[in-house]
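Visitor: Mind folding the following:
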Amino acid sequence: MNPSNLNCHSSLKASHDVPHELKLIFLDIDGVLNTGQHLTKLKMDRQPYADHYGPLFDPNATDNLRKIVDATGAKIVITSSWRYIHGLAGLRKMWAERNMPGSIHGITPTDTFGSRGDEVKEYLTLFRGKTPPDYLILDDECEYIGDLRKRLIMPNPLTGITPTIATKAIKMLSNNETN
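Guide: Just a heads-up that it's a prediction; the model follows:
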């Protein structure tokens, strides 16, 4: 697939001039940032559990993502199905409105109809001929094989990104470690 056909055109501009130390977090949302535990608590407390974007994110998972981003300088690439609903511009707007950590570098392609692993591989082709970014994948589902699986950290969908996961992610992005 030609990268110019990807549904993440505005992120392609940023990736043409790849900093040597670019680090990416391929990020799912459901079960990683919005957690079963948090949504259940909000519902039981009769608190709003969603806004016009969708379910609210667990503040603990968000804080732990912030720790990863602050420690590593990683940029976010959204792999979640939320990219179909909101697109890149909508996700960036949501990221700002919800005061989320870091910045969204892009979204994985939405026109490949493959697994998330295939979509991550496709996104990584944007760096062909350049120094490839260091990356990890945060996803509560395992749709990854081979080298991608070595870069996968799977949160429990009830708790999302925990302090333990944040520590592991920081190590992985700081030392180029794999699972």
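Visitor: drop to CA atoms for contacts and neighbour counts, all remaining ones
Guide: OK.
Visitor: What are the buried residues along stretch 93-107?
Guide: By 16 or more other CA atoms under 10 Å, the buried positions in stretch 93-107 come out as 94, 100-102, 104-107.
Visitor: Kindly report the same for stretch 58-70.
Guide: Result for stretch 58-70 [16+ other CA under 10 Å]: buried residues 58, 60-69.
Visitor: Now do that stretch, average pLDDT.
Guide: Averaging pLDDT along stretch 58-70 gives 98.
Visitor: Which two among the buried residues of stretch 58-70 are spaced furthest apart?
Guide: Maximum pairwise distance in these, criterion CA to CA, is 16.5 Å, between 58 and 69.
Visitor: so what's residue 39 scoring on pLDDT?
Guide: In this model, residue 39 carries a pLDDT of 97.
Visitor: host element of it?
Guide: helix 36-44 (DSSP states H and E).
Visitor: go on, residue 166?
Guide: Assigned by DSSP H and E, residue 166 falls in helix 163-175.
Visitor: Figure out how far that helix is from the centre of its chain.
Guide: Here the centre of helix 163-175 is set off from its chain's centre by 14 Å, with CA atoms, centre = their mean, to the nearest Å.
Visitor: before we move on, what about stretch 149-156?
Guide: 12 Å.
Visitor: Ok, stretch 79-93 next?
Guide: Offset of stretch 79-93 from its chain centre (CA atoms, centre = their mean): 11 Å.
Visitor: mind listing what the closest residue to residue 73 other than its chain neighbours touches?
Guide: Of all residues not flanking residue 73 in the chain, residue 23 sits nearest, at 7.0 Å (CA to CA, 6 or more residues apart in numbering). By CA atoms under 8 Å, 6 or more residues apart in numbering, residue 23 lies in contact with 72-75, 133-135, 173.
Visitor: ok, of those, which come out buried?
Guide: Buried members of the contacts of residue 23, scored by 16+ other CA under 10 Å, are 72-75, 133-135, 173.
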